[in-house]
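K.L.:
Structural data only, the sequence is not supplied:
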């Protein structure tokens, strides 16, 4: 049994990295007076996603795991566009690609949990569980949308709709975090909510000029 303090340390470390990526992106955007996406955004995203997926598993929280497993591979794809991915050691690349799939397969096969346990959680009321999943789906789709835009242009960038989806998904996850009494989710989302709003303000301002 892993102590709660270790689980929460992993979760807060992930949220710290997610917040730092937004902070760096925010600073770069303020300097350029327009929305900018530095390479560090994608590096921090991948490491943070790795940690948050682990946190979601250890806390047995399916909405968190669901939100990470898709965006995890989108971060890798964007690092490929940034010419960073292929510069990493081959063993590290293979490990990062395989990690989410292997850990999920391993614990399913060893009966750590099953589909009934994942979708029938007595500590979370049904409507809140569905709300959490919907929030994560919207929050995840922002990167699916970003990925499709990046594939068209062959560039890693964050289009305006990305920020609107971020704001909507973040609002729902904030409600989920408060009702679930999850400090990791709440701390991570409250800072992001401010940055998403500021980026939309910068986009609106640049369009008026």
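P.N.:
Nice, I can see it. Note that the structure is predicted; figures quoted are calculated from it, not measured.
K.L.:
any idea which helix or strand comes after the one helix or strand in the chain whose mean pLDDT sits lowest?
P.N.:
Lowest by mean pLDDT, DSSP states H and E among the helices and strands of the chain is helix 115-119, with a mean of 53. Downstream of helix 115-119, the next assigned helix or strand under DSSP states H and E is helix 126-153.
K.L.:
Check which residues of that following helix are buried.
P.N.:
Residues of helix 126-153 classed as buried by neighbour count (16 or more other C-beta atoms under 10 Å): 129, 131-133, 135-143, 145-147, 149-150. In short, each C-beta sits where N, CA and C put it, glycine included.
K.L.:
Over to stretch 193-209?
P.N.:
193, 195, 196, 198, 199, 200, 202, 203.
K.L.:
What residues does the second one make contact with?
P.N.:
It stands for residue 195. 22, 23, 25, 26 (C-beta atoms under 8 Å, 6 or more residues apart in numbering).
K.L.:
in this protein, which segments are predicted with low confidence?
P.N.:
In the predicted model of the chain, residues 62-63, 67, 107-123, 208-209 satisfy pLDDT under 70.
K.L.:
all strands of it, in order?
P.N.:
For the chain, no strands are identified by DSSP state E.
K.L.:
And the helices in it, which stretches?
P.N.:
Applying DSSP state H to the chain gives helices spanning 4-32, 39-58, 62-81, 90-109, 115-119, 126-153, 160-180, 183-208.
K.L.:
what packs against the longest one?
P.N.:
Read that as helix 4-32. helix 39-58, helix 183-208 (3 or more C-beta pairs under 8 Å, 6 or more residues apart in numbering; DSSP states H and E).
K.L.:
got those as CSV, with distance to residue 85 columns?
P.N.:
Converted to CSV, the helices and strands packed on helix 4-32 look like this (distance: least, C-beta to C-beta, whole Å):
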stretch, distance to residue 85
helix 39-58, 9
helix 183-208, 25
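K.L.:
Show me the one of the ones you listed that comes nearest residue 33.
P.N.:
helix 183-208 (7.1 Å; C-beta to C-beta).
K.L.:
the inter-axis angle of that closest one versus helix 4-32?
P.N.:
10 degrees (axes from the mean of the first three to the mean of the last three C-alpha atoms, to 10 degrees).
K.L.:
Would you mind getting the angle between helix 183-208 and helix 39-58?
P.N.:
Using the same axes, to 10 degrees: helix 183-208 against helix 39-58 is 150 degrees.
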